[in-house]
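S.K.: 3D, please:
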Amino acid sequence: MRVLVFNAGSSSLKFGLFDGDRQILKGSFDRFREGGCDYAIDGDKGRAPHGDLAAAIAAVPDVLAERGHAAIDAVGHRFAHGGPDFTGPALIDETVIAAIEAQTPLAPLHNPAMLQAMHLARSLWPDLPQVAVFDTSFHLTNPARATTYAVPAAWRAAGLRRYGFHGTSHKYVAHRAAEALGRPLTDLRIVSVHLGNGASACAVQFGASMDSSMGMTPLEGLVMGTRSGDVDPGAFGFLNRQLGLDVPTIEAALYAESGLKALAGSSDMRDVEDRAASGDPDAQLAINLYAYRARKYIGAYAAAMGGLDAVVFTGGIGENSASMRRRICDGMGFLGLMLDEDLNRAPDLTDRKAPQIQVQGSRVAVIVTETAEQLMIARELRDLLTRPRPVPRAIPVAVSGRHVHLSAAAVEALFGPGYRLTEAAPLRQPGNWVAAERIALEGPKGRLERVAILGPLRPRTQIEVSRTDSFALGLDAPVRDSGQLDGTPTVRLIGPAGVLDSDGLIVAARHIHTNPADAAAMGLADGDMVDVEVTGAGGRGLVFGRTLVRVSPHVVTEMHIDTDEANAAGIAGGAQGALVQDVEARPVA
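M.R.: Presented below is the predicted three-dimensional model:
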């Protein structure tokens, strides 16, 4: 499948043509102005007569034809903001366009140009499927504690929340890092550091974004070329009172006159580093501030994830500035991160390589790789257009109450040497059962009595509770897939013959168990994330977004949600779920 990808801005247009993962054409039109723009197409550079985005888009079919690439199969578009509803790529139609337009107030400097490019491309290729891919989608897995501002409820209801950006880049480099390490992404805790004219850090925990340095807008977080990064919001009132500046003026300056440009007089890190080496104190401060902010976010995300397996540098500065990588990584030995000076100086990034630049024995890998946002857009487009459409099918829903999975050693510690649990009743999943015995859980705040034990025994002792249960215990139980216990809190288990501390305490992420035959019939694969509309006995329905699909032999198809989710949706016994096929604005849990 040949995919043409557009990344449009108000003053530039970047585009690429991909055949599979192979990029067969790379082009850009930059610095639109009266009389023309600069162009760069497959290494050729010069001036073109296209003075605006519309003229540049109109010229692309001729560019493709001149190079023998007139035949394309689909068009992909990058969008900065998809709001809370677009959890993945979307096939563009009138409903999707209306939903994107509704997000324009959240991205007034980005989405309008991207919408214009999309409309022009649809007029040029009216018979081709066109797909929108959103920078915000990857971050919609962020938990509420990472996305919520502590502001009045009316502001939050109006849409004030953290979204995060650069999601397409962070998703690509996280997958690329996992490939380089030869480990499943779902086993890794990664901090992706995208350093360019725009800069952001992203905590990728076991394959999902769990926090991003950018917030409601791309202003929050790291210092950037012309953007401020983190600023006390009280600055708006101060600047209004002291300098008489209004909100639009302040906002424009934070976007275009701040960052490296404000600190050192240039938004180009190469210029700033040269000036600093010549003794310019402003440039020296800019570099120290830039590195300090990035280092602070890496440390914060390592703490938030309960550990760190890799730091990945990407973006123009992340890829090309050995001294900036060194400044950011120095002092992180306490995390087990140690940079190799020789490897750091000249990493080979040709052919999308992802070299590791840490010293041998470093507990944390340090990787450098070029970002490939257009390639990621092409991949997501192909996946959307080629995956089987989910087949409507009722999915029984089970409400999973608090329970424990014990190891053999835990059974003996709690009930005595040689003790065997009594299988009281079978569960729906073959080979699974609930024991007659019960135990208590005790945390720093409270105690939960008569907690069920589920069999069969497991290698590690795992506790699964609801969010409310975790507050009752006084512990912060993260939402995790079953078995992902690293970095989770322990809780005391109390049995008739003894006590012990668990290997981990989690709130189980919502998921669907299914077998290969049912998965094939529904068009699902292991690891898919799907939206499921669940209707309870009273007829009330709610869409549960990003539900993990687990495919394994000898299981019965069933969706599991915890008691808090069931209570919030008014769901008791007898609930049924159905896969949601259309992307549209809807209430999502």
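
S.K.: For the rest of this, base every contact and every neighbour count on C-alpha atoms.
M.R.: Will do.

S.K.: State the pLDDT value of T386.
M.R.: At T386 the predicted local confidence, pLDDT, stands at 89.

S.K.: neighbours of it, just the number please.
M.R.: The local packing of T386 (other CA atoms under 10 Å) involves 9 other residues.

S.K.: again, but for L548
M.R.: By the criterion of other CA under 10 Å, L548 has 20 neighbours.

S.K.: Hmm, M529 and it touching each other?
M.R.: Yes: assessed by CA atoms under 8 Å, L548 is found in contact with M529 at 4.8 Å.

S.K.: Buried ones in stretch 124-131, by neighbour count?
M.R.: Of the residues in stretch 124-131, those buried by neighbour count under the rule 16 or more other CA atoms under 10 Å are 129-131.

S.K.: do the same with stretch 348-367
M.R.: By neighbour count with 16+ other CA under 10 Å, stretch 348-367 contains the buried residues 348, 353-359, 362-367.

S.K.: Among those residues, which ones are in helices?
M.R.: Using DSSP state H, no member of these falls within helices.

S.K.: Same list (the residues you listed) but as TSV, adding pLDDT and distance to V397.
M.R.: Putting the buried residues of stretch 348-367 into TSV (pLDDT from 0 to 100; distance: CA to CA, whole Å) gives the following:
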residue	pLDDT	distance to V397
D348	96	50
K353	96	44
A354	98	42
P355	98	45
Q356	98	44
I357	98	47
Q358	98	47
V359	97	49
S362	97	45
R363	97	41
V364	98	40
A365	98	41
V366	98	42
I367	98	42
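
S.K.: Among those residues, which ones are in strands?
M.R.: 365-367 (DSSP state E).

S.K.: so which of those residues comes closest to R458?
M.R.: Distance to R458 across those (CA to CA) is lowest for A365, with 30.5 Å.

S.K.: do you know how far the closest one is from I357?
M.R.: 8 Å (CA to CA, to the nearest Å).

S.K.: go on, L243?
M.R.: Taken as CA to CA, the spacing of L243 relative to I357 amounts to 47 Å.

S.K.: for the stretch 51-200 of the chain, what spans make up the helices?
M.R.: Secondary structure of the stretch 51-200 of the chain, counting by DSSP state H, counting those that start in this stretch: helices at 53-66, 94-101, 111-124, 144-147, 153-157, 167-181.

S.K.: can you state the direction angle for the second one and helix 111-124?
M.R.: Angle, helix 94-101 to helix 111-124, by axes from the mean of the first three to the mean of the last three CA atoms, to 10 degrees: 160 degrees.

S.K.: quick thing: my sequence starts at 49, can you match it?
M.R.: OK, 49 is where the count begins now, so the last one is helix 142-149.

S.K.: hang on, the earlier thing: any chance of the helices of the stretch 99-248 of the chain in JSON lines, plus distance to A342?
M.R.: Formatted as JSON lines, these follow (distance: least, CA to CA, whole Å):
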{"stretch": "helix 101-114", "distance to A342": "34"}
{"stretch": "helix 142-149", "distance to A342": "31"}
{"stretch": "helix 159-172", "distance to A342": "27"}
{"stretch": "helix 192-195", "distance to A342": "18"}
{"stretch": "helix 201-205", "distance to A342": "28"}
{"stretch": "helix 215-229", "distance to A342": "15"}
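
S.K.: related to what we said a few turns ago, just the ones of the buried residues of stretch 172-179 in strands?
M.R.: Filtering the buried residues of stretch 172-179 for membership in strands, criterion DSSP E, returns 178-179.

S.K.: pLDDT added to the buried residues of stretch 172-179, as a markdown table?
M.R.: Shown next, in a markdown table, are the buried residues of stretch 172-179 (pLDDT from 0 to 100):
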| residue | pLDDT |
| --- | --- |
| P177 | 97 |
| Q178 | 98 |
| V179 | 98 |
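
S.K.: coming back round to it: out of the helices of the stretch 99-248 of the chain, which is the most enclosed?
M.R.: Mean neighbour count (mean count of other CA atoms under 10 Å) peaks for helix 215-229 among the helices of the stretch 99-248 of the chain, with a mean of 22.

S.K.: That helix packs against which elements?
M.R.: Contacts of helix 215-229 with other secondary structure elements, assessed using 3 or more CA pairs under 8 Å, 6 or more residues apart in numbering; DSSP states H and E, are made with strand 237-243, strand 358-362, helix 421-434.

S.K.: elements contacting the last one?
M.R.: Spelled out, it's helix 421-434. Helices and strands touching helix 421-434, as assessed by 3+ CA pairs under 8 Å, 6+ apart, comprise strand 50-56, strand 60-67, strand 122-127, strand 178-182, helix 215-229.

S.K.: Can you check what angle separates the first one from strand 122-127?
M.R.: Read it as strand 50-56. 20 degrees.

S.K.: try the longest one
M.R.: Here the directions of helix 215-229 and strand 122-127 differ by 110 degrees (the same axes, to 10 degrees).

S.K.: Run through who's touching helix 215-229.
M.R.: With CA atoms under 8 Å, 6 or more residues apart in numbering as the test, helix 215-229 has contacts from 182-187, 232-233, 236, 238, 240-242, 250, 252, 255, 358, 360, 362, 402-403, 415, 417-421, 424-425.
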